[in-house]
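>>> Task: produce atomic coordinates for the following.
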Amino acid sequence: MQASLARSLQTSRGPLLTHRTRTATLSGHCYHSRARQTLAPTLVTMGYRSSAREAISDAYHTVRRRRHADTPRHHAKEKIAIIGSGNWGSAIAMLVGQNVLTHPDSFDDHVPMYVHEEEINGRKLTEIINEEHENVKYLPGIKLPDNVQAIPDLAEAVDGATALIFVLPHQFIPSICRDLRGKIPKHGVKAISLIKGVDVKGTNIAIFADVIESLLNVSCSALSGANIADEVAKGAFSETTVGYRRKVDGVMWQKLFQNENFHVQIIDDVAGVSLCGALKNVVAVAAGFSDGLGWGNNSKAAIMRIGLLEMKKFSMEFFQGVRPETFVQESAGVADLITTCFGGRNRKCAEAYVKTGKPFDVLEKQLLNGQKLQGVETAREVHNFLQARGRVDEYPLFRTVYEIAYKSLEPSKITAKL
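Numbers count the residues shown, from 1 in each chain. The predicted structure is shown next:
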């Protein structure tokens with residue numbers, strides 16, 4: 001290092017100083033203080049006290065920069081923030097809260113969860129979660145790890161976060177993202193969307209990973225799969241799929257979410273994963289109509305098959321880069337469709353619609369305990385988009401679900417145009 005310091009002294013002040021300092025002796029260890037002791041006297045006797053100090057300082061910092069450039073930097077820990085606290089959001093918080101403790105070198109151990117504040121029997125929900133470690137409204141009976149903190153202030157929840165998990169109804173994404181502007185770091189932030197839905201504006205359609213990316217200027221992955229929240233929270237074996245933009249992000253999300261009972265596959269297909277998660281809810285509404293009519297498993301299987309084909313056709317027609325194998329090989333595809341058509345909230349409400357005749361907004365309030373019914377809303381958005389593109393007749397199942405939900409078509413007509 002002595003030689004490096006000498007070379008830096010020679011090059012930092014040009015030819016004149018090189019000539020005047022050539023007799024300087026570099027002895028001892030080359031720390032800053034030692035460099036001053038060995039070099040300064042020689043230069044001071046020449047009458048260049050100020051120049052000597054500047055030269056020594058420049059040389060020291062030059063050598064230090066070179067050394068640091070060759071030294072591997074310690075990778076900073078990812079700081080997680082969960083935006084959303086419903087049924088699925090709370091299950092994810094439980095999973096993440098456990099996993100960050102399993103990987104202390106990779107993740108900060110504090111997991112803030114943004115909660116839209118509400119009162120339960122006169123107590124704030126955040127207070128209940130933080131004191132009892134349970135979301136008694138949306139995930140009752142499941143204890144959350146102590147390191148998960150419910151926070152009602154969005155800015156506080158995301159303060160310093162480098163990895164954002166969006167898990168809330170898609171209707172709230174634009175306003176949430178607007179509120180997040182200026183509240184997250186400008187660089188190094190990535191996000192993942194666990195949101196089921198599409199954003200339609202006339203003849204344009206987008207997945208919510210794209211919406212988040214455009215509003216926040218972050219790289220956004222997507223997670224979807226056969227994941228009924230209560231089962232995941234109870235530790236039942238499940239699989240899920242993460243679609244990534246950058247493989248390094250996919251690997252990080254896989255590490256954050258995966259454990260022995262929750263397996264995560266990562267693929268380069270954000271659009272395919274997102275669209276499977278959104279469109280399967282429309283098919284599940286159709287399956288629920290079939291259940292309400294008492295048609296049995298043959299009819300439901302036919303509806304599911306046709307629905308899967310329409311999901312795949314729609315995704316590949318209107319989005320670039322969608323992989324056809326996502327629909328048949330990944331948990332986000334056929335596996336999630338099966339689960340949703342047999343056990344999801346959309347199927348449940350559609351069955352009740354047939355049996356009771358009650359409007360969907362009433363059934364949502366009565367049956368879902370504050371959760372949102374996404375399939376009917378997605379059916380409307382998809383129909384409006386297809387209508388704007390002049391493609392409604394190409395998707396008969398999607399069209400019929402819309403007409404039953406919004407145009408009072410008899411549920412028994414669900415298979416009439418298939």
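>>> okay, CA-based contacts and neighbour counts for the rest of this
Will do.
>>> And the helices in the stretch 151-300 of the chain, which stretches?
With DSSP state H, counting those that start in this stretch, the ranges of helices along the stretch 151-300 of the chain come out as 154-157, 173-180, 208-216, 229-233, 247-257, 270-293, 297-318.
>>> What residues sit buried inside the third one?
The neighbour-count criterion (16 or more other CA atoms under 10 Å) identifies 208-213, 216 as the buried residues of helix 208-216.
>>> deepest of the helices of the stretch 151-300 of the chain, which one?
Compared across the helices of the stretch 151-300 of the chain, helix 270-293 shows the largest average neighbour count, a mean of 28 (mean count of other CA atoms under 10 Å).
>>> what's the angle from it to helix 208-216?
Relative orientation of helix 270-293 and helix 208-216, computed by axes from the mean of the first three to the mean of the last three CA atoms, to 10 degrees: 130 degrees.
>>> Give me the average confidence score over helix 270-293.
Mean pLDDT, helix 270-293: 98.
>>> any idea which helix or strand carries residue 150?
Take DSSP states H and E as the rule and residue 150 turns out to sit in strand 148-151.
>>> Could you list the paired strands of that strand along with their orientation?
Using DSSP bridges, strand 148-151 pairs in its sheet with strand 111-114 (parallel).
>>> What's the first helix or strand after the strand it pairs with?
Per DSSP H and E, the first helix or strand lying C-terminal to strand 111-114 is strand 119-120.
>>> ok, which stretches of this protein are strands?
Assigned by DSSP state E, the chain shows strands spanning 80-83, 111-114, 119-120, 123-124, 148-151, 163-166, 190-193, 198-201, 204-207, 219-224, 238-243, 262-267.
>>> which residues are in contact with the third one?
Outside of strand 119-120, the residues within contact range by CA atoms under 8 Å, 6 or more residues apart in numbering are 125, 137.
>>> do that again at 7 Å, thanks
residue 125 (CA atoms under 7 Å, 6 or more residues apart in numbering).
>>> quick revisit: minimum distance to residue 413: which of the strands of the chain has it?
Ranking those by proximity to residue 413 (CA to CA) places strand 198-201 first, at 25.8 Å.
>>> for that closest one, which positions count as buried?
For strand 198-201, the neighbour count (16+ other CA under 10 Å) marks 198-200 as buried.
>>> same question, stretch 110-127
Judged by neighbour count using 16+ other CA under 10 Å, the buried positions of stretch 110-127 are 110-116, 125-127.
>>> Can you give me the end-to-end span of stretch 106-116?
Distance between the boundary residues of stretch 106-116 (CA to CA, to the nearest Å) amounts to 28 Å.
>>> what about that stretch, distance to the chain center?
13 Å (CA atoms, centre = their mean, to the nearest Å).
>>> Averaged pLDDT, stretch 183-200. What do you get?
Regarding stretch 183-200, the rounded mean pLDDT is 95.
>>> if we can go back for a sec, of all the strands of the chain, which one comes closest to residue 132?
Evaluated over the strands of the chain, closeness to residue 132 peaks at strand 148-151, with 11.1 Å, by CA to CA.
>>> any idea what sits nearest residue 358, other than its immediate chain neighbours?
Distances taken as CA to CA, 6 or more residues apart in numbering place residue 352 nearest to residue 358, at 7.8 Å, with adjacent residues excluded.
>>> swap in residue 154?
Counting by CA to CA, 6+ apart, residue 154 lies nearest to residue 114, which is 6.0 Å off, once chain neighbours are set aside.
>>> I'd say the one you found and residue 152 touch.
Yes - Residue 114 is in contact with residue 152 according to CA atoms under 7 Å; the separation is 5.7 Å.
>>> Let's see the pLDDT reported for residue 372.
At residue 372, pLDDT is 86.
>>> Distance of it relative to residue 196?
When CA to CA is the yardstick, residue 372 and residue 196 sit 11 Å from each other.
>>> Residue 314 too?
The value you get for residue 314 to residue 196, if CA to CA is used, is 16 Å.
>>> who touches the residue nearest in space to the middle of the chain in this structure?
Centroid-nearest residue in the chain, with CA atoms, centre = their mean: residue 192, separated by 1.4 Å. By CA under 7 Å, 6+ apart, the contact set of residue 192 is 164-166, 220-223.
>>> tell me which of those residues is nearest to residue 262?
Relative to residue 262, the closest of the contacts of residue 192 is residue 223; by CA to CA it sits at 12.7 Å.
>>> Apart from its chain neighbours, what residue comes closest to the closest one?
In space, and not counting its chain neighbours, residue 223 is closest to residue 242: 4.4 Å by CA to CA, 6+ apart.
>>> do residue 219 as well
In space, and not counting its chain neighbours, residue 219 is closest to residue 190: 5.1 Å by CA to CA, 6+ apart.
>>> I'd guessed that neighbour sits against residue 220; true?
Yes - counting by CA under 7 Å, residue 190 touches residue 220, with 6.0 Å between them.
>>> Which of those two has more residues huddled nearby?
residue 220 (29 against 21; other CA atoms under 10 Å).
>>> Could you report the pLDDT at residue 125?
Residue 125 is assigned 98 on the pLDDT scale.
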